[in-house]
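1. only the shape, not the letters, is given here:
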């Protein structure tokens, strides 16, 4: 196995940070839908909060993606 | 050892583009300001004045919901300006610029401003002795103090950079696909697939990240000052 193959495997493992992020974003969206079902008047507020929360959660996956890119292109 | 006195200065292209964006925004602000001060307040606003007034009102209402109103005169205009700057920088990838926020030195420096404001407010609230004691005891507080510096700067940097790298990968894919379908060296699938993805990676992510930056900074500052 060459060095580049090992680097590619490492990049693949780094992107696994997306697993938890996917679960978390799903939970956030589901809870937002529940909240809208309970209180339909607050839909716009809930939408802003959901998008903000999802953007915060997404950062963890972005960190993994960044490390994968650094491994692939710079290392 | 011979070259000890020689300082090599590397001017990165993002810094030049950042200066261009700052100059453009300043000229726009001065132009709109002159127009507003000359406008008749009894008439209905129209044109660019209406756009700017609506934007400022929306952002002020948003800031009012996350920051107490005693910050209104000092911090609201700063955050609104920062929002506009980050938004334009993130979107500028569409106009053949290299977006300034895909350079870590720029995101780190705008985060340093937030960091300084957080510490300044903490010192003003607690006083010097209690501030230092709160930072070093318990020792995990040291991590908590410097973590916003890393997380805020890496968040914008990672989102914008990964967006631009993913877009270049997508263009390689469309070039390969269109070469496979019709053997001419023209990337005819690129404009169709790339346009939609540009909307997500540049416009949507740029807007959300600018919003997240000002939201988190203002929450952190308001938390220390309460």
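-> Nice, thanks for sending it over. The structure displayed is predicted, hence computed values, not measured ones.
2. biggest helix in the chain by residues?
-> Using chain A. helix A:43-69 (DSSP state H).
3. sorry, should have said chain B
-> helix B:140-181.
4. and the helix or strand that comes right after that one, anywhere near chain A?
-> Proceeding N to C from helix B:140-181, the next assigned helix or strand is helix B:190-198, under DSSP states H and E. No. Using C-beta under 8 Å from any C-beta of the partner chain, we find that helix B:190-198 stays clear of chain A, coming within 15.2 Å at best. Every C-beta, even on glycine, is put in place using the N, C-alpha and C of the backbone.
5. show me what the next helix or strand after helix B:190-198 is in contact with.
-> The helix or strand immediately downstream of helix B:190-198 is helix B:205-225, counting by DSSP H and E. Residues from elsewhere that reach helix B:205-225 (C-beta atoms under 8 Å, 6 or more residues apart in numbering or on different chains): A:51-52, A:55-56, B:63, B:66-68, B:71, B:75, B:79, B:82-83, B:86-87, B:89-91, B:110, B:114, B:117-118, B:121-122, B:124-125, B:148, B:152, B:155-156, B:159-160, B:163.
6. and helix B:205-225, average pLDDT?
-> What helix B:205-225 shows for mean pLDDT is 88.
7. how far off centre is that helix?
-> 10 Å (C-alpha atoms, centre = their mean, to the nearest Å).
8. tell me the residues of chain A that contact chain B?
-> So far as C-beta under 8 Å from any C-beta goes, chain A lies against chain B at A:51, A:52, A:55, A:56, A:58, A:59, A:62, A:63, A:65, A:66, A:69, A:73.
9. give the other helices and strands that the longest helix of chain B contacts.
-> Applying 3 or more C-beta pairs under 8 Å, 6 or more residues apart in numbering or on different chains; DSSP states H and E, we find helix B:140-181 packed against helix A:43-69, helix B:72-91, helix B:104-126, helix B:128-136, helix B:190-198, helix B:205-225.
10. how does chain B divide into domains?
-> B:26-66, B:77-225 (automatic domain parsing).
11. winner for burial among these?
-> Per-stretch averages of neighbours, counted by mean count of other C-beta atoms under 10 Å in any protein chain shown, single out domain B:77-225 among these, with a mean of 17.
12. so how far does it reach from one end to the other?
-> Its start and end residues considered, domain B:77-225 measures 18 Å (C-alpha to C-alpha, to the nearest Å).
13. look up how far residue B:38 lies from the nearest residue to residue B:84 once chain neighbours are set aside.
-> Here the nearest residue to residue B:84 in space, its sequence neighbours aside, is residue B:25; by C-beta to C-beta, 6 or more residues apart in numbering or on different chains that works out to 6.6 Å. Per C-beta to C-beta, to the nearest Å, residue B:25 is found 20 Å from residue B:38.
14. again with residue B:206
-> In terms of C-beta to C-beta, residue B:206 sits 33 Å off from residue B:38.
15. over to residue A:53?
-> Counting by C-beta to C-beta, the gap from residue A:53 to residue B:38 is 43 Å.
16. residue B:171 now?
-> 46 Å.
17. next: residue B:148.
-> 42 Å.
18. returning to what we had before: helices or strands up against the longest helix of chain A?
-> Counting by 3+ C-beta pairs under 8 Å, 6+ apart, helix A:43-69 packs on helix A:3-14, helix A:18-38, helix B:140-181, helix B:205-225.
19. give me the helix or strand of chain A that scores worst on average pLDDT.
-> Scoring the helices and strands of chain A by mean pLDDT, DSSP states H and E places helix A:43-69 at the bottom, with a mean of 86.
20. quick one: distance of that helix to the chain centre.
-> With C-alpha atoms, centre = their mean, you get 6 Å for helix A:43-69.
21. just the angle between it and helix B:205-225, please?
-> On the basis of axes from the mean of the first three to the mean of the last three C-alpha atoms, to 10 degrees, helix A:43-69 is oriented at 100 degrees to helix B:205-225.
22. quick revisit: and of the helices and strands packed on helix B:140-181, who's closest to residue A:22?
-> Closest approach to residue A:22 among these (C-beta to C-beta): helix A:43-69, 7.8 Å.
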